[in-house]
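Participant: my questions are about this predicted structure, shown below with the sequence.
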Amino acid sequence: MLTTATLATGPTGLPVASADEGCPDVEVIFARGTFEPPGVGGIGQAFVDELRAQPKLAGKSVDIYAVNYPASLNFPAAADGVIDASNRVRDMANRCPGTKMVLGGYSQGAAVAGYVTADKIPDGYIPPNGITGPMAPEIAKHVAAVALFGKPSNGFLNMVDRTAPPITVGSLYAAKTIDQCVPEDPICSPTGGDNGAHQAYAVNGMTAQAATFAADRVAAATGPAATNAS
């Protein structure tokens, strides 16, 4: 069906349609963990299922975008995920300005999602081709929440890839980020020593907790009191 839409200027300066024809109310952009098959992975799917079941999102459409990257032991290739996820966020902000995005990731994917929010490229770090700098500040208001599960600690990063910069959630995203780490998980916790704990996020209530947090943020961003502040 054809509709008439007024063109406006989007957050990156590109023209966009003011009518959100075909755009979801919410889109989850999620990066899977190492060795998980293409898609959002087990932790990601559990999070999405919990999010869709949230009463505050009743009647709202929730779509999924699986970040496209290798999720392999070639950790520098995580940069492919940073590029893909940030491009998706920018694209959705332009094409679907009324859609509220929830950015997330598990394990290596949590690193990807964290890097996407960065305020700046760290001093002295030479980014891979395709990464030119942080997203424009005005993009942040389109991202309602960020959910990270088992995000690699700086110590773990240094062990697997000494070239990787620390993962620092940007200032425009910090207040809307939930960073879930099982204390026994050695990937995210410096004191963790139970490898099995890294698999526990879907069964220990943390995906449900993150879904409630994200739903609250989406509701706050779309409710009567919502403003354009990020």
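Facilitator: Everything's here; your move. Numbering: from 1, shown residues only.

Participant: please enumerate the helices of this protein.
Facilitator: Ranges of helices in the chain, per DSSP state H, are 41-52, 78-95, 108-116, 154-160, 206-222.

Participant: state the mean pLDDT of the first one.
Facilitator: Average pLDDT, helix 41-52: 98.

Participant: chain center to it, what's the gap?
Facilitator: 13 Å (CA atoms, centre = their mean, to the nearest Å).

Participant: equivalent analysis for the fourth one, please.
Facilitator: Centroid separation for helix 154-160 versus its chain: 21 Å, with CA atoms, centre = their mean.

Participant: going forward, the N-terminal residue is numbered 21.
Facilitator: Shifting the count to begin at 21 puts that one at helix 174-180.

Participant: which residues touch that helix?
Facilitator: Residues outside helix 174-180 that contact it (CB atoms under 8 Å, 6 or more residues apart in numbering) are 95, 131, 172, 184, 186-187, 206-208, 210. (Glycine included, C-beta is placed from N, CA and C.)

Participant: what's the most buried one of the helices of the chain?
Facilitator: Neighbour counts (mean count of other CB atoms under 10 Å) averaged over each of the helices of the chain peak at helix 128-136, with a mean of 28.

Participant: just checking, what packs against that helix?
Facilitator: Contacts defined by 3 or more CB pairs under 8 Å, 6 or more residues apart in numbering; DSSP states H and E place helix 128-136 against strand 46-51, helix 98-115, strand 120-126, strand 163-169.

Participant: buried ones among the contacts of helix 174-180?
Facilitator: Listed as buried from those are 95, 131, 172, 184, 187, 206-208; burial here means 16 or more other CB atoms under 10 Å.

Participant: check Ile141 and give its pLDDT.
Facilitator: 88.

Participant: contacting residues for the residue nearest to the spatial centre of the chain?
Facilitator: Centre of the chain computed as the mean C-alpha position; nearest residue by CA atoms, centre = their mean is Leu123, 2.1 Å away. For Leu123, the contact set (CB under 8 Å, 6+ apart) comprises 49-50, 105, 109, 133, 136-137, 163, 165-167, 193.

Participant: burial measure for Asn149, as a count.
Facilitator: A count of nearby residues for Asn149, using other CB atoms under 10 Å, gives 7.

Participant: ok, Phe233 touching Ala167?
Facilitator: Yes. Shown here, Phe233 and Ala167 form a contact pair, counting by CB atoms under 8 Å, at 7.2 Å.
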